[in-house]
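> dropping a prediction and its sequence here:
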Amino acid sequence: MGRFVFATAVGVWLGTVVSFSFVMLPTIHAVLEGRASALLDQLFPRYYIIGLLCGLTALAAVSLAPSSPLLSFSERVRLAFPVAVGLLCTLIGQQVLLPRLQRERGGANQASFARLHQVSAALNSTTLAMLVLAVAAVATR
């Protein structure tokens, strides 16, 4: 049961990251052009909350599952590590970068906004890579 909950949480999170990053964001920017920021200010907090809920659910699934030969300590670590890294990236994005990006957008210092946006994209890419790794860890067992 723990593996199923873990796989479901990671799968939902991965699907959210992929659909938001590669479908929704490009579409929003293409359709709304300069007016996208108001919509994105509403969507990004929800995007991060979904990531946090899925990440915490996945960690709880492998941490609290009953001990069994199929889910040893090393297996739990192998499953939990990429999720923990993705969760950390999501927390940094939500708590540190999102407020700064919202403050800097439209301000005089566009270089600062661009730098923060690059860091945010790198964290999102790291989260994506870690989730793919977590799916691979589940699939190879």
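Yep, it's here. Residues are numbered from 1 along each chain as shown.

> and the contacts of the helix or strand hosting Pro26?
If you go by DSSP states H and E, Pro26 is part of helix 25-32. The contact list for helix 25-32, computed with Cβ atoms under 8 Å, 6 or more residues apart in numbering, reads Ala36, Leu39, Leu40, Leu43. No exception for glycine: its C-beta is placed from N, CA and C like everyone else's.

> one more: stretch 54-69?
Applying Cβ under 8 Å, 6+ apart, the set of residues contacting stretch 54-69 is 1-3, 5-6, 9-10, 12-13, 16, 71, 76, 79-80, 83-84, 86-87, 90, 134.

> helices - which of those residues land there?
In helices, judged by DSSP state H, the following of the contacts of stretch 54-69 are found: 2-3, 5-6, 9-10, 12-13, 16, 76, 79-80, 83-84, 86-87, 90, 134.

> would you mind checking those residues for buried ones?
By neighbour count, with 16 or more other Cβ atoms under 10 Å, the ones in helices among the contacts of stretch 54-69 hold 2-3, 5-6, 9-10, 12-13, 16, 76, 79-80, 83-84, 86-87, 90, 134 as buried.
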